[in-house]
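# Let me see the structure of the following:
(2 chains)
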Amino acid sequence: MPCGVGGQPLKIAISARNLRKVYPGQPPVQALAGVDIDIQDNEFFTLLGPSGCGKTTLLRLIAGFENPTSGSLEMFGDSILDAPPHKRPINTVFQSYALFPHMTVAQNIGFGLEMLGKPKAEIAATVDEMMALVKMTEMADRQTSQISGGQQQRVALARALAPKPKVLLLDEPLSALDFKLRKDMQLELKRLQSETGITFIFVTHDQEEALTMSDRIAVMEAGSIRQIGGPRDIYDHPAERFVADFIGDTNFLPAEIDGRDGTTARVKLSSGQKTTARMQEDTTPSGKVTLAVRPEHARLVGEAEGLLQGALREIVYFGTDTHFHVDIDDGTSFVLRQQNSPDTEARLSQGDRVGIIFGDGVAQVLRD
Amino acid sequence: MAKRGFDIRRQTGFTTIAMACFFMLYMPIILLVVYSFNSGSSIAIWEGFSWRWYVSAWENEQVQEATVRSLIIAVWAAGISTTVAVLAALATTRTRKFKGQSVVFAMINQPLMVPEIVTAVALLIFFAMIKVATGYTGLLYLIMAHSAFCIPFAYLPIRARLQGMDLSLEQAAADLYATPYQVFRRITLPQLWPGILAGAMLAFVISLDDVVITEFVKSAGQDTLPTYMLGQLRRVVTPEINAISTVLLAISVTLVIAFTILSKRKT
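The predicted structure is shown next:
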């Protein structure tokens, strides 16, 4: 669990229990299959998953654009299920930005405050502040069609932040931007979140985006949450095959449980060698299991020293690093990634017999 | 030689047929316009250029009356049918799908499918009953009839515009604390405006040149411009008719061009 800043007690901004959403039809489509989630106040929280996993549906339920089939949804302890979107202190940055085309940049940003009935002077002051925050001050009187995609994105952000919502929802806001702009905006969003202290709930299918920006990530698949944790947790200790596979590259190894000690399991690899692997707290695996090992967490060594043995099938040079594809003797294959430096030269060549090692506790036992 | 896809423009005789069609469509209209400037009183023998028939039509009291009546009816019919069409379009695009929605849709478009003569006879009988019961014989009958058959013409462009509008704009407004009324007033309506104008113009033109229903529904002395012209044709035909037709044509063409520009306009 994350810790509250300065020892303050943690407040839960959004809490869902057994939240389900089924779209009627033949057959009915289950978009959310009973989601439990607690999102802390002042947290950058990311919903990550492939398209169709239910992440956008969850966001739309929180915003109030749709009603859940069953389950509860609370904001700071109060149910918000009966409140229509305009009564929820939650704002959204839409994937398509949804800027009002018949209004100027400044009118767009001021719209929320205007609807809240704030005095004109206060609106003008907040709009100025927001435009400065997203560096759009010179564009105040432009029409939204006269600014670039990246600028539209910033206006959408400023518009959603201007009413100072308790929670900001972001629906894949960076997906329409080009690579360079996306990188800049990732840092910008992170900065805005920490400056404003607003809870950000960010939806993306881009694992790298999720890893670089988030305080915590919920990985979703088929309407369920597969794992919730910090970026390191999720990357280094994936709980199940889907998570390991969806985030980064992973080698899957067959193994057998040989004993347990707390969250550590002693496992026997297909080569007969033994090592230790980490388990999820809530699981008690036994018998045959699958281990996950990240390509950069393993090293190539001489055949005799390896936990696993095999033949080098392919060496692919990538500039910053080199990928080694090894055919393991049990018939599976294993990829290793090693960083290049000027003094490493290629000593290995295709067909060489090699060994693979990784440290104790590096491998992760996957839940089935 | 590179293989080409089927291109109708490359078929034998395409140009000839196309030219013939354009000739058939536009030659009579061009002749009508040309002869409206005839200085003689024949609609077939050219005797020289003159504004004579325009002046004559302008000074003809019956034409004046019919024109004013046509305009009154067209303005009211366009106003009423557009209002109804906006409401109908909102109900068929901005609500959750309801049972019988396709029936409602068909009913709104009914005047497009039912032969006009049937609607005309039905209205004649219906209004005759009301006339007997109330004794009222004013313009209201024509306004009501025109409003009714103009609804689908106003409805279609408005509905098309509503369907083409990005729903996320309305959601974004609701998300920014706008009540449903404010969403409509501040977001939907400004976006819909070109569609509403286009629908109103179309309704106006349709009402302006209606003959069949007007002929059946009107009381004595309630000629509109088209029914007045029809009446004149039974007597001596002078280029005055050409002149009136040319003015009507100019109005229609202007409005249709405006309609095209408005319905294509973005934002």
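
# For A:Phe111, give me the pLDDT.
At A:Phe111, the model reports a pLDDT of 92.

# For the nearest residue to it once chain neighbours are set aside, give me its contacts.
Spatially, and ignoring its direct neighbours in sequence, A:Phe111 is nearest to B:Leu176 (5.2 Å; Cβ to Cβ, 6 or more residues apart in numbering or on different chains). (C-beta placed from N, C-alpha, C; glycine too.) By Cβ atoms under 8 Å, 6 or more residues apart in numbering or on different chains, the residues touching B:Leu176 are A:86, A:91, A:111-112, A:115, A:159-160, A:163.

# can you give me the strands for the stretch 1-150 of chain A?
For the stretch 1-150 of chain A, applying DSSP state E, counting those that start in this stretch gives strands covering A:12-23, A:29-40, A:44-48, A:70-75, A:78-79, A:90-93.

# ok, back up a step: for the contacts of B:Leu176, which two are the farthest from each other?
A:His86 and A:Arg159 (14.7 Å; Cβ to Cβ).

# Which one of those two is surrounded by more residues?
A:Arg159 (32 against 19; other Cβ atoms under 10 Å in any protein chain shown).

# Check the secondary structure at that one for me.
Of the three states, A:Arg159 takes helix under DSSP: H, G, I helix; E, B strand; the rest coil.

# any idea how far it lies from chain B?
According to Cβ to the nearest Cβ, to the nearest Å, A:Arg159 and chain B sit 7 Å apart.

# how far away is the closest residue to A:Asp360 other than its chain neighbours from chain B?
Once flanking residues are discounted, A:Asp360 sits nearest to A:Thr276: 4.6 Å by Cβ to Cβ, 6+ apart. From A:Thr276 across to chain B, the span is 50 Å (Cβ to the nearest Cβ).

# Sketch out the helices for the chain, chain order is fine.
Answering for chain A, as no chain was given. Ranges of helices in chain A, per DSSP state H, are A:55-63, A:105-115, A:120-133, A:149-161, A:179-196, A:207-213, A:231-236, A:241-246.

# wait, chain B
With DSSP H as the criterion, chain B has helices spanning B:14-35, B:52-59, B:61-93, B:101-108, B:110-113, B:116-134, B:140-164, B:167-175, B:180-183, B:189-208, B:212-217, B:225-233, B:239-264.

# circling back to that earlier point, mind putting the strands of the stretch 1-150 of chain A into a markdown table with mean neighbour count?
Formatted as a markdown table, the strands of the stretch 1-150 of chain A follow (neighbours: other Cβ atoms under 10 Å in any protein chain shown):
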| stretch | mean neighbour count |
| --- | --- |
| strand A:12-23 | 18 |
| strand A:29-40 | 19 |
| strand A:44-48 | 26 |
| strand A:70-75 | 16 |
| strand A:78-79 | 9 |
| strand A:90-93 | 27 |
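
# Can you report how many residues lie near A:Ala98?
Around A:Ala98 there are 25 residues (other Cβ under 10 Å).

# Just the pLDDT at it, thanks.
89.

# near chain A, which residues of the stretch 151-267 of chain B?
B:166, B:168-169, B:171-180, B:182, B:186-187, B:190-191, B:266-267 (Cβ under 8 Å from any Cβ of the partner chain).

# from the residues you listed, which would you call buried?
Using 16 or more other Cβ atoms under 10 Å in any protein chain shown as the burial test, those include B:168-169, B:171-178, B:182, B:186-187, B:191 as buried.

# Okay, now the unreliable bits of the stretch 51-200 of chain A?
In the prediction, the stretch 51-200 of chain A carries no residues with pLDDT under 70.

# how does it look with 80?
Within the stretch 51-200 of chain A, the ranges that satisfy pLDDT under 80 run A:176-178, A:181.

# for chain B, what are the nearby residues on it?
Going by Cβ under 8 Å from any Cβ, the residues of the stretch 51-200 of chain A near chain B are A:63, A:65, A:84-87, A:90-92, A:94, A:96, A:98-102, A:111-112, A:115-116, A:145, A:159-160, A:163.

# if we go to 7 Å?
The stretch 51-200 of chain A comes close to chain B at residues A:63, A:65, A:85-86, A:91-92, A:94, A:96, A:98, A:100-102, A:111-112, A:115-116, A:163, as judged by Cβ under 7 Å from any Cβ of the partner chain.

# Just the buried residues from these, in PyMOL please.
With 16+ other Cβ under 10 Å as the criterion, this PyMOL line picks the buried residues out of those:
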select buried, chain A and resi 63+65+85+86+91+92+94+96+98+100+101+102+111+112+115+116+163
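
# And for A:His297, the neighbour number?
Neighbour tally, A:His297, other Cβ under 10 Å: 17.

# can I get the helices of chain B in a markdown table with mean pLDDT?
As requested, the helices of chain B are exported to a markdown table (pLDDT from 0 to 100):
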| stretch | mean pLDDT |
| --- | --- |
| helix B:14-35 | 90 |
| helix B:52-59 | 89 |
| helix B:61-93 | 92 |
| helix B:101-108 | 82 |
| helix B:110-113 | 81 |
| helix B:116-134 | 91 |
| helix B:140-164 | 90 |
| helix B:167-175 | 90 |
| helix B:180-183 | 90 |
| helix B:189-208 | 90 |
| helix B:212-217 | 91 |
| helix B:225-233 | 89 |
| helix B:239-264 | 85 |
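
# per-residue pLDDT, the residue nearest to A:Phe111?
So, for B:Leu176, pLDDT stands at 90.

# how about stretch B:230-248: buried residues?
Quick answer for stretch B:230-248 (16+ other Cβ under 10 Å): B:232, B:238-248.

# Greatest separation within the buried ones among the residues of the stretch 151-267 of chain B next to chain A: which pair is it?
The most distant members of these, if one measures by Cβ to Cβ, are B:Tyr177 and B:Gln191, lying 19.1 Å apart.

# ok, B:Phe105 to B:Ala91 distance?
Here the criterion is Cβ to Cβ, to the nearest Å. By it, B:Phe105 lies 10 Å from B:Ala91.

# ok, now A:Thr250?
The value you get for A:Thr250 to B:Ala91, if Cβ to Cβ is used, is 53 Å.

# out of the two, which sits in the more crowded spot?
A:Thr250 (22 against 13).

# Hmm, that one is touching A:Leu291, no?
No: using Cβ atoms under 7 Å, A:Thr250 makes no contact with A:Leu291, being 9.7 Å away.

# thought B:Lys218 was touching B:Leu142?
Yes: judged on Cβ under 7 Å, B:Lys218 makes contact with B:Leu142 at a distance of 6.0 Å.

# more neighbours, those two?
B:Leu142 (26 against 21).

# Not counting sequence-adjacent ones, nearest residue to the more buried one?
B:Ile73 (5.2 Å).

# Let me see the contact set for that neighbour.
Listed by Cβ atoms under 7 Å, 6 or more residues apart in numbering or on different chains, the contact set of B:Ile73 reads B:139, B:142-143, B:146, B:207, B:224.

# Redo the strands of the stretch 1-150 of chain A as a markdown table? Include distance to A:Thr196.
Converted to a markdown table, the strands of the stretch 1-150 of chain A look like this (distance: least, Cβ to Cβ, whole Å):
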| stretch | distance to A:Thr196 |
| --- | --- |
| strand A:12-23 | 13 |
| strand A:29-40 | 15 |
| strand A:44-48 | 11 |
| strand A:70-75 | 17 |
| strand A:78-79 | 22 |
| strand A:90-93 | 12 |
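
# For chain A, state which of the buried residues of stretch B:230-248 is nearest.
B:Leu248 (34.9 Å; Cβ to the nearest Cβ).

# list the contacts for the closest one?
B:209, B:225.

# Including distance to A:Gln40, could the helices of chain B go into TSV?
Shown next, in TSV, are the helices of chain B (distance: least, Cβ to Cβ, whole Å):
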stretch	distance to A:Gln40
helix B:14-35	71
helix B:52-59	80
helix B:61-93	40
helix B:101-108	44
helix B:110-113	58
helix B:116-134	66
helix B:140-164	41
helix B:167-175	22
helix B:180-183	32
helix B:189-208	39
helix B:212-217	68
helix B:225-233	73
helix B:239-264	50
